[in-house]
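Peer 1: Provided below are the primary sequence and the corresponding predicted coordinates.
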Amino acid sequence: MRTIHSSPDFAALKVILLLLAILATVAGVLLLFGARPLAVLAPADLHLLPVLGVGLLMVLGIAELGFGYLMYLASRDPIRYVGVIDTIIFFLFAGALFDLYVAFALHALLGSLGWFGAGVRLVLAIILTALRPRGVSAVTPWEGRS
């Protein structure tokens, strides 16, 4: 049976993933518990929209807490959780492309904020891609059994 141990040369990747995990956890808690006060600020003409918006923000908060937990696990052992790192890289690239779409196609009022968010996501995705463990495939539970 083959065992894979995380090596200390992934220290920068571990720190970045831990910081992203902390950021995702804080964002998830804010989305989960801060959605209802934001709904109070909605106009009275929108009767059903604040209720749906609160539910959607709370679901996104739960998903963000899940991503924070996965990033924490990946920060502890990047070689074992290389699939999680690949997923984070994909979501960063997709989020940057979505920000650019919003800035171009929808002519968003806060275009500079969209450009900044896209730039930050692209830089993070490139850094994680460069630091990603190479030559490692997903470890299957049945590996090494006869």
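Peer 2: Cool, got the structure.

Peer 1: what mean pLDDT does stretch 93-110 have?
Peer 2: What stretch 93-110 shows for mean pLDDT is 80.

Peer 1: Show me what counts as buried in it.
Peer 2: 93, 95-96, 99-100, 102-103 (16 or more other CB atoms under 10 Å). The way it works is simple: take the backbone N, C-alpha and C, and place the C-beta from them, glycine included.

Peer 1: same deal with stretch 79-86?
Peer 2: 79-82, 84-85.

Peer 1: Break the chain into its domains for me.
Peer 2: Domains of the chain are assigned by automatic domain parsing as 10-76, 78-141.

Peer 1: list the helices and strands the host helix or strand of residue 94 packs on?
Peer 2: Of the helices and strands defined by DSSP states H and E, residue 94 is found in helix 82-104. Here helix 82-104 touches helix 11-33, helix 49-76, helix 111-131, going by 3 or more CB pairs under 8 Å, 6 or more residues apart in numbering; DSSP states H and E.

Peer 1: let's see it at 7 Å
Peer 2: helix 49-76, helix 111-131 (3 or more CB pairs under 7 Å, 6 or more residues apart in numbering; DSSP states H and E).

Peer 1: Roughly how far does residue 89 sit from residue 20?
Peer 2: 11 Å (CB to CB, to the nearest Å).

Peer 1: More neighbours: which of those two?
Peer 2: Between residue 89 and residue 20, counted using other CB atoms under 10 Å, the more crowded position is residue 20 (20 against 17).

Peer 1: pretty sure the more buried one is touching residue 72, no?
Peer 2: No. If you go by CB atoms under 7 Å, residue 20 and residue 72 don't touch, sitting 9.2 Å apart.

Peer 1: need the helix or strand of this protein with the lowest average pLDDT.
Peer 2: Least confident helix or strand of the chain, by mean pLDDT, DSSP states H and E, is helix 35-40 with a mean of 69.

Peer 1: just for the chain, where's the confidence low?
Peer 2: 1-8, 38-52, 108-111, 136-146 (pLDDT under 70).
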